[in-house]
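Student: Show me how the following folds:
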Amino acid sequence: MHEQHNATGLHISGGQLGYHGKTVCENLNFSVPAGEFTAIIGPNGCGKSTVLKTLARTLRPLSGEVSLNSENVWNIRPKKFAQHVASLPQHPISPESLTVKELVARGRHPYHSLLTRTHPDDAAVIDHALHATGVAPYAQRPLTELSGGQQQRAWIAMVLAQETDYVLLDEPTSFLDLAHQIELLHLCQDIRAQHRTVVAVLHDINQAARYASHLVVMHHGRIVRAGTPNDVLDAELVSTVFGIDCVIESDSQTGSPVVTVKNRQ
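Tutor: Residues are numbered from 1 along each chain as shown. From the prediction side, this is the model:
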């Protein structure tokens, strides 16, 4: 599936993506829709996280190019790239002694230099990120003392503090109970409302359809469909990609599509 794209923005062009020489995605073209909250969905092993890692520059493509504003991302200095693109992997690791506030403060490192270890905006940005994610009450506590869900929100706060154009989240709702999953998805919508671009790998089709403005459906390493949730989801696609016999209904609150599994006969 080839997508035309402008010079500006974040793109994968003709990407052969994979690990240790093993190809996961072949000739993949993907332009991140600017100003949208994009959810990448698909069955396990279809290449969702591979695409996100490639966009985040944590995985080098086997061939093809990843570009940011028409420049190959691998030619951009890491600190400069980190001022534009923030990413959160599935299983982030931090030093055990780090407090929540110290973790969030790490999001400000791209704006520091060897001579200046602070930036005038640091305190206000860190405070905003702590409150926006609901972890301000735990600011002075070691990260390791928090529950899995609280830790996940602290990591999201660090990403927010980075103040980037693009926020890439790999399965950010993992470890969260339902209420906190919804809080996080609302937070993604809030980030988009601040004229930033969000791309998240999500597992729950109905959550993706309700909260994201743009869906990308992957299957066997390919993008099989992309667009608004209402344009993308139909019963035939869900059956083909996810193996689910379903009907597509309409969310009574938002009008977004809802996948309802058919009763067994």
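
Student: What distance do you get for T116 to H109?
Tutor: The gap separating T116 from H109 is 12 Å, by Cβ to Cβ, to the nearest Å. All C-beta atoms are positioned from the backbone trio N, CA, C, and that covers glycine.

Student: right, I mislabeled it, should have said Q16
Tutor: For Q16 relative to H109 (Cβ to Cβ), the value is 32 Å.

Student: Now do the contacts for V261.
Tutor: V261 sits next to I244, D245, C246 when contact means Cβ atoms under 8 Å, 6 or more residues apart in numbering.

Student: actually R57, not the one I wrote
Tutor: R57 makes contact with V66, V73, W74, F81, V85, according to Cβ under 8 Å, 6+ apart.

Student: Next, count neighbours for the closest residue to D190 other than its chain neighbours.
Tutor: For D190, ignoring the flanking residues on the chain, the nearest one in space by Cβ to Cβ, 6 or more residues apart in numbering is A132 at 7.3 Å. The number of residues packed near A132 is 17, by other Cβ atoms under 10 Å.

Student: so A132 makes contact with A161?
Tutor: No: counting by Cβ atoms under 8 Å, A132 does not reach A161; the two are 9.6 Å apart.

Student: Which pair of the contacts of R57 spans the longest distance?
Tutor: W74 and V85 (12.7 Å; Cβ to Cβ).

Student: For the two, work out which one has more neighbours and name it.
Tutor: Neighbours per residue (other Cβ under 10 Å) separate W74 from V85, with V85 holding more: 23 against 12.

Student: contacting residues for the more buried one?
Tutor: Contacts of V85 by Cβ under 8 Å, 6+ apart are L10, L55, A56, R57, L68, T164, D165, Y166, L168.

Student: Could you check the pLDDT of the fifth one?
Tutor: Put plainly, it is L68. Looking at L68, its pLDDT reads 95.

Student: go on, the fourth one?
Tutor: As summarised for this prediction, R57 has a pLDDT of 95.

Student: how close does it sit to F81?
Tutor: For R57, the distance to F81 equals 6 Å [Cβ to Cβ].
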